[in-house]
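1. Kindly generate the corresponding structure for this input.
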Amino acid sequence: MANAASGIVVDDECKLKFMELKSKRTHRYIVYKIDDKVNKIVVEKLGGPDESYDQFTASLPEKDWRYAIYDYDFVTKDNCQKSKIFFVAWSPNVSRVRTRMLYASSKDRFKREMDVTYEIQATDATEIEIGNIKDRAY
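-> The predicted model follows:
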């Protein structure tokens, strides 16, 4: 079903890859982009389970918006292994106005379909430093 505000549809592969990340842990992260030629949100890149957070942030384009999902593993103060899945709305200020409008109007629908609780909105690299993820995870 298309997003009423933007006309953008979430491709079925987006949900499939998210479920693989969530249940099978076959991916560390997923980067999504809007393909405006077909009016769909599609998978742009899959990060392997052993990829680092730096590899994830390096996969986000410097001047273009993206949505991403990141599976953050950590150990609690009680020495318990935990994982939290973050939705990252990557929105550099230097992107084109049309791109900003398209991503902004599609974000809520995409987030609902992926069913993620934790969100990070970032306009530059300092806002997606690993410390911000750590702070939100605890």
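2. Could you give the separation of stretch 36-50 from the chain centroid?
-> 10 Å (CA atoms, centre = their mean, to the nearest Å).
3. got the contact list for that stretch?
-> 2, 7-11, 13-14, 17, 25-35, 55-56, 59, 66-67, 102, 106, 110 (CB atoms under 8 Å, 6 or more residues apart in numbering). All C-beta spots, glycine's among them, are computed from the backbone N, C-alpha and C.
4. do stretch 120-137 as well
-> 53, 57, 60, 70, 72, 74, 82, 84, 86-93, 118.
5. In helices, which of these appear?
-> Counting by DSSP state H, the contacts of stretch 120-137 place 53, 57 in helices.
6. For the contacts of stretch 120-137, which PyMOL command selects only the ones that are buried?
-> In PyMOL syntax, the buried subset of those is picked out as below (16 or more other CB atoms under 10 Å):
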select buried, resi 53+57+60+70+72+84+86+87+88+89+90+91+92
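7. Give me the subset of the contacts of stretch 120-137 that lies in strands.
-> 70, 72, 74, 82, 84, 86-90, 118 (DSSP state E).
8. For residue 21, which non-adjacent residue is spatially closest?
-> residue 27 (4.4 Å; CB to CB, 6 or more residues apart in numbering).
9. Roughly how far does the one you found sit from residue 60?
-> In this view, residue 27 and residue 60 are 15 Å apart by CB to CB, to the nearest Å.
10. Check which helices and strands the longest helix along the chain is in contact with.
-> Looking across the chain with DSSP H, the single longest helix is helix 97-114. Packed against helix 97-114 by the contact rule (3 or more CB pairs under 8 Å, 6 or more residues apart in numbering; DSSP states H and E) you find strand 9-10, helix 12-19, strand 29-35, strand 66-75, strand 81-90.
11. TSV for those, including distance to residue 136 and mean pLDDT?
-> Listed next are those as TSV, based on distance: least, CB to CB, whole Å; pLDDT from 0 to 100:
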stretch	distance to residue 136	mean pLDDT
strand 9-10	24	94
helix 12-19	19	97
strand 29-35	16	97
strand 66-75	9	96
strand 81-90	7	95
